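> Provided below are the primary sequence and the corresponding predicted coordinates.
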Amino acid sequence: MYKLAALDSEDIVILMASYRKMYPSSALDISHMGEIIKKYGYVTILGENFGSKLIHRKLKSSDILVCWDTEGQNHPTFHLLPCRVDFYFSHTALIEGKSIKNIFANVSWYKEYSDRYKYGSALQMFLSNRFEVQGFNCFIPVQKIHSRFSKGMSGNDLMCVCPIQRRVLSDNNH
């Protein structure tokens with residue numbers, strides 16, 4: 001099930017930035033960006049369900065780790081960073097004369113704790129109830145989702161992020 005929604009002009013600019021990261025050598029024109037999206041509460045990728053804040057019963061699977069440029073286009077740094085999915089959406093854009101459909105996650109990035117590497121690089125600390133200010137990194141193509149993560153809570157506001165290995169299902173798995 002999906003709901004139709006319209007992007008506002010700010011969302012279109014942000015979405016255009018995501019498309020530029022995805023298709024860096026393509027000629028992109030903001031006038032060819034569709035304003036209508038289909039919003040979804042969850043997606044299934046390679047047999048694994050990923051939820052969002054939009055559907056309460058899928059909220060546990062809305063915490064994901066993403067590999068995406070978090071510093072902007074001038075000096076990109078790629079890390080696995082935790083975020084919460086607010087919803088998923090499909091969007092179609094005209095790229096080099098072809099109509100191309102993509103699926104994105106609208107995410108909220110967890111705020112980094114000042115002593116992020118307190119327990120080493122494998123278990124990183126973030127603030128559990130605080131998020132970064134929404135910016136140009138809030139629309140993530142679903143192919144950049146690395147995995148879900150589980151939260152180890154430390155106090156009221158801290159969480160230790162522990163990646164959950166993905167289960168990839170094939171026809172041979174019964």
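Sure, I can see it. Residues are numbered from 1 along each chain as shown.

> number of residues surrounding Asn49?
For Asn49, the tally of surrounding residues (other Cβ atoms under 10 Å) stands at 11. Quick note: C-beta positions are derived from backbone N, CA and C, even for glycine.

> give me the beta-bridge partners of it?
Thr44 (DSSP bridges).

> my guess is it meets Tyr42, correct?
Yes - taking Cβ atoms under 8 Å as the definition, Asn49 is a contact partner of Tyr42 at 5.7 Å.

> overlap of the contact sets of those two?
Lys58, Ser61 (Cβ atoms under 8 Å, 6 or more residues apart in numbering).

> pLDDT weak spots in this protein?
In the prediction, the chain carries residues with pLDDT under 70 at positions 59, 69-78, 167-174.

> let's go with 80 and repeat that
27-32, 57-60, 68-79, 121-122, 153-156, 166-174 (pLDDT under 80).

> strands of that one, start to end?
3-6, 36-40, 43-45, 48-50, 63-69, 78-95, 98-112, 124-131, 139-141, 145-154, 158-164 (DSSP state E).

> residues contacting Phe131?
Residues in contact with Phe131, defined by Cβ under 8 Å, 6+ apart, are Arg84, Ser108, Trp109, Tyr110, Lys111.

> okay, now the second one: neighbour count?
Neighbour count for Ser108, taken as other Cβ under 10 Å: 17.

> which strand residues bridge the closest residue to it other than its chain neighbours?
Nearest in space to Ser108, with sequence neighbours left out and distances taken as Cβ to Cβ, 6 or more residues apart in numbering, is Phe131 at 4.3 Å. Judged by DSSP bridges, the bridge partners of Phe131 are Tyr110.

> just Phe149 next, same as before
Assigned bridge partners for Phe149, using DSSP bridges, are Pro163.

> go ahead and confirm it touches Pro82.
Yes - counting by Cβ under 8 Å, Phe149 touches Pro82, with 5.8 Å between them.
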